[in-house]
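>>> Provided below for reference: sequence and predicted model.
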Amino acid sequence: MIDTQFEGRVALVTGAGSGVGHDQATRLARLGANVVLNDVRTTHGRRPEECTAGEVASALVMEGLTAVADTGDIGDEDYAVGLVERTVDRFGRIDILINNAGIVGRGTSHDTGTGHLRDVFAVNFLGAFWTQRTALGHMRERDYGRIVNTSSAAAAFGGPGVFPYMASKAAMLAMSRSAALDNRDRDIRVNTLCPVARTMIDPDYFDSRPHVDQDSVHPKWVTPVALYLASSACALNGQTLSAGAGVWARVFTAKTRGVTPTGPDLADVVDAFDAIYDAGDFRILSSIQEQYDS
């Protein structure tokens, strides 16, 4: 059974104090994994579900499971690198990395300040980059690893008023894709997950949307997809899945078949535009090189 594939595995889950990270870390531990839980929170939040990594780890240990808390900010490079290294020091290796930690970044493309953009990127993108880069070094040595980078539907489809968040999460899509292609020579899978779920980085989001079934955005509907991507059975690499709001689905970027240019002028583009834009026939490219294939 696929559930048994986590027995003895070493998993690091960032942002594990609440939301999807909490649920994923708990399920992994209950499936037999040795789990390191990271979260930046040092005290319990104002909501019951806003736990610290230490609180979650302690609860799991009380169940007789193996869980260790490592509290800190992955937006700090030294901490993020050290987090992975300490995981390896504790358990001898790292098999699974799930990057969940993130913050909301509000603002538009015309009013976002550089400092704010940098702060959001430090946590949402660079933190995941630092943990991924460090983990990949160890995974390549052992010829095994599963990395799940948590992005967002905002990255794939856009949204108003959250430019810093959207841009940082879009960067994670490219990072995962690139890492997957760079590590095709090993039994390493790097994929992206776009949850549609209630999280503590924006806890009031679904409260203002009463038409959404609240159970459908519970983290429990995201975790099974994350577990698949983190399992040895996962055959996907460099792909993006969406989970939540009553749907499990694939998210992808495609290229229309397009047309052969008839000339080098603007008028030639105008004449061909309908065929260029027609999405009735498209290709999903596995890498940029496929653009040049006939």
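Good, I have the coordinates.

>>> Enumerate residues external to stretch 238-247 that contact any of its residues.
Residues outside stretch 238-247 that contact it (C-beta atoms under 8 Å, 6 or more residues apart in numbering) are 151, 153, 156, 173, 176-177, 179-181, 190-197, 212-213, 216-217, 221-222, 224-226, 229, 248-252, 286. (Glycine included, C-beta is placed from N, CA and C.)

>>> Of these, keep whichever come out buried.
151, 153, 156, 173, 176-177, 179-180, 190-197, 212, 217, 221-222, 225-226, 229, 251 (16 or more other C-beta atoms under 10 Å).

>>> Okay, and which of the contacts of stretch 238-247 map to helices?
Those of these mapping onto helices are 153, 156, 173, 176, 177, 179, 180, 181, 224, 225, 226, 229, per DSSP state H.

>>> ok, so of those residues, who is nearest residue 133?
Residue 133 lies nearest to residue 179 out of the ones in helices among the contacts of stretch 238-247, by C-beta to C-beta, at 8.5 Å.

>>> and the gap between that closest one and residue 190?
4 Å (C-beta to C-beta, to the nearest Å).

>>> Mutual contacts of the two, please.
With C-beta under 8 Å, 6+ apart, residue 179 and residue 190 have common neighbours 132, 147, 238.

>>> which one of the residues you listed has the most neighbours?
Among these, residue 147 has the most neighbours (other C-beta atoms under 10 Å), with 28 neighbours.

>>> quick one: what helix or strand has it in it?
Using DSSP states H and E, residue 147 falls within strand 145-150.

>>> That strand packs against which elements?
Counting contacts by 3 or more C-beta pairs under 8 Å, 6 or more residues apart in numbering; DSSP states H and E, strand 145-150 packs against strand 96-99, helix 127-142, helix 163-182, strand 188-196, helix 223-230.

>>> Go through these and name the closest to residue 74.
helix 127-142 (3.3 Å).

>>> Going by neighbour count, which residues of the closest one are buried?
127, 128, 129, 130, 131, 132, 134, 135, 136, 138, 139, 140.

>>> which of those lies closest to residue 86?
Using C-beta to C-beta, these come closest to residue 86 at residue 134, 10.6 Å.

>>> In contact with the closest one, which residues are there?
By C-beta under 8 Å, 6+ apart, the neighbours of residue 134 are 80, 81, 84, 85.

>>> hang on, isn't the first one packed against residue 70?
No: when contacts are counted by C-beta atoms under 8 Å, residue 80 is not listed as touching residue 70 (10.7 Å).

>>> Neighbour count: those two, which is higher?
residue 80 (28 against 21).
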